[in-house]
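Visitor: Mind folding the following:
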Amino acid sequence: MNLRQRAARYARTKGRVLVRLGAWSVLEAGQTFLAGYALARALDAGFLAGDVRTGMFWLGAAGAAVVVGAVGTGRVYGVVAALVEPVRDRLVTGVVRRGVREADPGALSGLTQQVEIARDTLAGLVLVSRSFLFTAAGALIGLFSLDPLLLAVVLPPLLAGVALFAATLRPLARRQEAFLTADEALAEDLNAVGPGLRDITATGAEARVAENLGRRVRAELRTARSLARWSPARVAALTLGGEVPVILLLVSAPWLLRRGVTPGALLGALTYVGQSLYPALQNLVHGLGTSGARLTVVLRRLIPAEKPAVEKAPRASGPSPEPQDAPALALSDLRFAYGPASEPVLHGLDLALPPGTHLAVVGPSGTGKSTLTALVAGLLTPDAGTLHLHGHPAPDATALRTLIPQEAYVHGGTLAENLTLHRPDPVPEDELLAAAEAVGLLPLLRKLGGPAAHVDPSALSAGERQLIALTRAYLSPAPLALLDEATCHLDAEAEERAERAFAARPGGTLVVVAHRMSSARRADLVLVLDGPRSVCGPHTELLASSPLYRDLMGDWAEVPDTRVG
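Guide: Predicted coordinates:
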């Protein structure tokens with residue numbers, strides 16, 4: 001379904017809003033109509049006839065129409081908001097869904113910039129398009145009411161100007177899209193070059209990098225020039241539709257007066273063209289010509305084309321299942337540093353984690369605990385070594401893992417929408433409530449008013465947001481859950497309950513970056529990160545073999561064992 005079809009379908013759902021928009025716009029059309037008609041009557045039936053009272057009456061009517069039109073304009077803005085804000089909400093929902101479920105790298109730009117561009121531009125286009133339609137209707141009806149000959153003079157060049165402008169819209173949109181694409185490509189290359197200037201100089205790659213950037217700059221220059229070439233066409237359309245009618249009225253004034261057109265009607269016609277039609281056409285050309293093309297480009301990026309029905313045949317999401325003996329997480333000689341001159345954070349790490357295992361990751365600050373989860377989650381790329389999830393390379397295993405970071409994300413909407421963000425299909429309410437009960441969210445769920453209750457993220461505490469994020473991950477179909485200090489804002493009892501729930505999740509594997517050392521006691525295995533001296537094993541073995549683990553455990557070693565059995 002293309003953008004035009006989507007727009008038509010959306011418009012059908014907003015019939016009442018469009019009717020309200022039209023009703024308030026009629027007041028503006030009435031103001032436009034009286035601007036020329038009242039002036040003509042004031043002159044012909046009033047001042048030229050020696051009747052000052054009649055002249056003042058018609059001028060007063062024109063002034064009153066301005067006040068009424070202002071009321072209509074004020075109401076129009078509220079109606080436009082009711083038309084545009086739901087579009088913004090749908091775009092935000094789509095961007096967040098792609099960013100979270102499909103790991104779309106452009107989601108952040110889409111959410112922070114492109115959605116707002118689309119919202120503001122759409123509102124502007126609705127206003128200028130509506131204004132032109134109703135202003136033109138009021139002015140043309142006024143011209144016909146004054147004398148049909150006036151309409152015959154003004155209408156042909158106006159229609160020709162609008163037709164010329166309409167003919168430029170499609171090629172203008174294509175060139176606008178080409179320009180934005182070239183601009184984004186140049187910005188992407190510049191963002192990559194900036195942090196790597198030292199390496200570029202060290203390897204003598206200045207000439208090659210400069211040539212690559214030069215090609216990007218030249219490509220953007222070509223698209224900018226191509227876009228600029230269409231400016232004269234827009235100026236010609238504005239001149240033909242807005243200025244030529246004035247010239248024709250003045251040139252044909254003697255002929256019109258001989259045909260019975262009154263001086264007041266001629267002055268009213270000039271008022272219609274100069275004060276109503278020309279400004280409305282000018283706003284349309286500048287608004288729709290630039291903003292319309294930009295809106296089309298942004299919407300094409302925010303709303304991916306729907307796939308043909310033949311491609312929607314049921315199929316398994318994510319990587320195909322691997323044999324049961326494939327490790328849930330396998331690291332081989334994994335190395336990572338935050339720069340070519342930096343000390344490695346992970347030094348040749350090896351690990352094979354069977355499915356269903358509960359692993360706790362501990363170590364002093366700076367030893368790479370969060371770095372390891374970021375590598376497993378695909379947020380970072382290792383410098384060397386391999387990383388597989390259920391037999392699949394980490395970059396291809398998006399559907400097999402879910403990361404719950406320390407700062408939990410909760411969006412506006414219902415609680416159920418937050419909890420089922422990772423699920424492509426509707427989740428039965430009993431399954432949702434069972435997950436909330438297991439993780440410990442149920443009291444908060446009841447306090448908020450149930451799954452259908454709307455959530456205000458700013459009104460939630462950090463711990464409440466973490467419980468929502470944990471339940472969302474629990475409901476995720478991904479078998480591997482990564483908790484990167486995801487319970488740090490919970491008390492020890494709530495943390496234990498959440499970890500037990502994930503450890504007991506059917507078919508699930510749990511990796512916890514421990515906030516409290518009690519997490520290590522509950523785990524099947526503990527990974528102690530200590531650079532090249534990192535070790536992994538059960539809690540009791542590490543107490544005997546790892547001095548660092550004993551130091552980290554401290555008084556926790558005397559606490560009764562609460563591992564999940």
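Visitor: which residues of the stretch 351-500 of the chain fall in strands?
Guide: 358-362, 384-389, 392-393, 401-404, 413-414, 454-455, 480-484 (DSSP state E, counting those that start in this stretch).
Visitor: CA atoms only for the last one - export them in CSV, please.
Guide: C-alpha atoms of strand 480-484 as CSV (Å, rounded to 0.1, in the frame of the first residue of the first chain):
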residue,chain,number,x,y,z
LEU,A,480,18.7,-15.9,26.3
ALA,A,481,18.1,-13.1,28.8
LEU,A,482,20.9,-10.6,29.7
LEU,A,483,20.4,-8.7,32.9
ASP,A,484,23.0,-5.9,33.1
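Visitor: what mean pLDDT does that strand have?
Guide: Strand 480-484 carries an average pLDDT of 87.
Visitor: Show me the shaky parts of the stretch 301-450 of the chain.
Guide: 301-325, 341 (pLDDT under 70).
Visitor: Export the strands of the stretch 351-500 of the chain to CSV and append columns for distance to Asp524 and mean neighbour count.
Guide: To be clear about C-beta, it is placed using only N, CA and C from the backbone, and glycine gets the same treatment. What follows is those, written out as CSV (distance: least, C-beta to C-beta, whole Å; neighbours: other C-beta atoms under 10 Å):
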stretch, distance to Asp524, mean neighbour count
strand 358-362, 5, 24
strand 384-389, 18, 19
strand 392-393, 23, 15
strand 401-404, 18, 24
strand 413-414, 36, 16
strand 454-455, 35, 16
strand 480-484, 14, 24
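Visitor: okay, these in JSON lines with distance to Leu248 next?
Guide: Output for these, formatted as JSON lines (distance: least, C-beta to C-beta, whole Å):
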{"stretch": "strand 358-362", "distance to Leu248": "81"}
{"stretch": "strand 384-389", "distance to Leu248": "74"}
{"stretch": "strand 392-393", "distance to Leu248": "71"}
{"stretch": "strand 401-404", "distance to Leu248": "68"}
{"stretch": "strand 413-414", "distance to Leu248": "57"}
{"stretch": "strand 454-455", "distance to Leu248": "59"}
{"stretch": "strand 480-484", "distance to Leu248": "72"}
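Visitor: between these, which one is nearest to Ala38?
Guide: strand 454-455 (50.4 Å; C-beta to C-beta).
Visitor: partners of that closest one, with directions?
Guide: Using DSSP bridges, strand 454-455 pairs in its sheet with strand 413-414 (antiparallel).
Visitor: so what's Leu248 closest to, chain neighbours aside?
Guide: In this structure, Leu248 finds its nearest non-sequential neighbour in Val153, 5.1 Å apart by C-beta to C-beta, 6 or more residues apart in numbering.
Visitor: so how far is Pro405 from the one you found?
Guide: Counting by C-beta to C-beta, to the nearest Å, the gap from Val153 to Pro405 is 69 Å.
Visitor: Ok, Ala352 next?
Guide: For Ala352, the distance to Pro405 - C-beta to C-beta - is 25 Å.
Visitor: Comparing those two, which residue is more hemmed in?
Guide: Neighbour totals were compared for Ala352 and Pro405, and Pro405 leads with 19 against 14 (other C-beta atoms under 10 Å).
Visitor: Excluding chain neighbours, what is closest to that one?
Guide: Asp484 (5.2 Å).
Visitor: Can you spell out which helices and strands pack onto the longest helix anywhere in the chain?
Guide: Longest among the helix segments of the chain by residue count, using DSSP state H, is helix 52-101. Packing contacts for helix 52-101, counted by 3 or more C-beta pairs under 8 Å, 6 or more residues apart in numbering; DSSP states H and E, involve helix 15-41, helix 107-109, helix 115-146, helix 293-302.
Visitor: Among these, which comes closest to Ala326?
Guide: helix 107-109 (30.2 Å).
Visitor: Glu211: neighbouring residues, count only.
Guide: Glu211: 9 neighbours (other C-beta under 10 Å).
Visitor: List the contacts of it.
Guide: By C-beta atoms under 8 Å, 6 or more residues apart in numbering, the contact set of Glu211 is empty.
Visitor: can you tell me how far it sits from Val439?
Guide: 55 Å.
Visitor: likewise Gly22?
Guide: For Gly22, the distance to Val439 - C-beta to C-beta - is 51 Å.
Visitor: the more surrounded of the two?
Guide: Using other C-beta under 10 Å, the more surrounded residue of Gly22 and Val439 is Val439, with 27 against 15.
Visitor: Would you mind telling me which of the helices and strands packed on helix 52-101 is nearest Gly378?
Guide: Between the helices and strands packed on helix 52-101, helix 107-109 lies closest to Gly378; by C-beta to C-beta that is 14.3 Å.
Visitor: Now do that closest one, average pLDDT.
Guide: 43.
Visitor: my read is Ala544 is in a helix, agree?
Guide: Yes: applying DSSP: H, G, I helix; E, B strand; the rest coil, one finds Ala544 inside a helix.
Visitor: show me the contacts for it.
Guide: So Ala544 contacts nothing (C-beta under 8 Å, 6+ apart).
Visitor: One more: Leu552?
Guide: Here Leu552 is in contact with 362-364, 517, 528 (C-beta under 8 Å, 6+ apart).
Visitor: can you name the two of those that are farthest apart?
Guide: Greatest spatial distance in those: Pro364 and Met517, 12.3 Å, computed using C-beta to C-beta.
Visitor: end to end, how far does stretch 470-487 reach?
Guide: 8 Å (C-alpha to C-alpha, to the nearest Å).
Visitor: can you check stretch 387-403 too?
Guide: 16 Å.
Visitor: what about it, distance to the chain center?
Guide: Offset of stretch 387-403 from its chain centre (C-alpha atoms, centre = their mean, to the nearest Å): 26 Å.
Visitor: Stretch 410-417 now?
Guide: 16 Å.
Visitor: Endpoints of that stretch, how far apart?
Guide: Terminal-residue distance, stretch 410-417 (C-alpha to C-alpha): 10 Å.
Visitor: Summarise which helices and strands the strand or helix carrying Leu256 is packed against.
Guide: Using DSSP states H and E, Leu256 sits in helix 253-258. With contacts taken as 3+ C-beta pairs under 8 Å, 6+ apart, helix 253-258 sits against helix 148-193, helix 263-271.
Visitor: show me what contacts the residue lying closest to Arg401 once chain neighbours are set aside?
Guide: Distances taken as C-beta to C-beta, 6+ apart put Leu480 closest to Arg401, at 4.5 Å, once the chain neighbours are dropped. Each residue near Leu480 by C-beta under 8 Å, 6+ apart is listed here: 328-329, 376, 389-390, 400-402, 508-509, 511.
Visitor: Quick one: find the helix or strand in the protein with the lowest mean pLDDT.
Guide: helix 107-109 (a mean of 43; mean pLDDT, DSSP states H and E).
Visitor: ok, back up a step: which pair in the contacts of Leu480 spans the largest distance?
Guide: Val376 and Gly508 (14.6 Å).
Visitor: May I see the buried residues of the strand or helix carrying Leu552?
Guide: Here Leu552 sits within helix 547-553, counting by DSSP H and E. Buried positions in helix 547-553, judged by neighbour count with 16 or more other C-beta atoms under 10 Å: 548-549, 552-553.
Visitor: wait, Val52 sits on Gly46?
Guide: Yes: in terms of C-beta atoms under 8 Å, Val52 counts as a neighbour of Gly46; the distance is 6.7 Å.
Visitor: quick revisit: what about dumping the CA coordinates of the helix holding Leu256 to PDB?
Guide: C-alpha atoms of helix 253-258 as PDB (Å, rounded to 0.1, in the frame of the first residue of the first chain):
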ATOM      1  CA  ALA A 253     -10.200  47.800 -17.100                       C
ATOM      2  CA  PRO A 254     -11.400  50.100 -19.900                       C
ATOM      3  CA  TRP A 255     -13.000  47.100 -21.800                       C
ATOM      4  CA  LEU A 256     -14.600  45.800 -18.500                       C
ATOM      5  CA  LEU A 257     -16.000  49.300 -17.600                       C
ATOM      6  CA  ARG A 258     -17.500  49.500 -21.100                       C
END
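Visitor: Sweet, I'm off.
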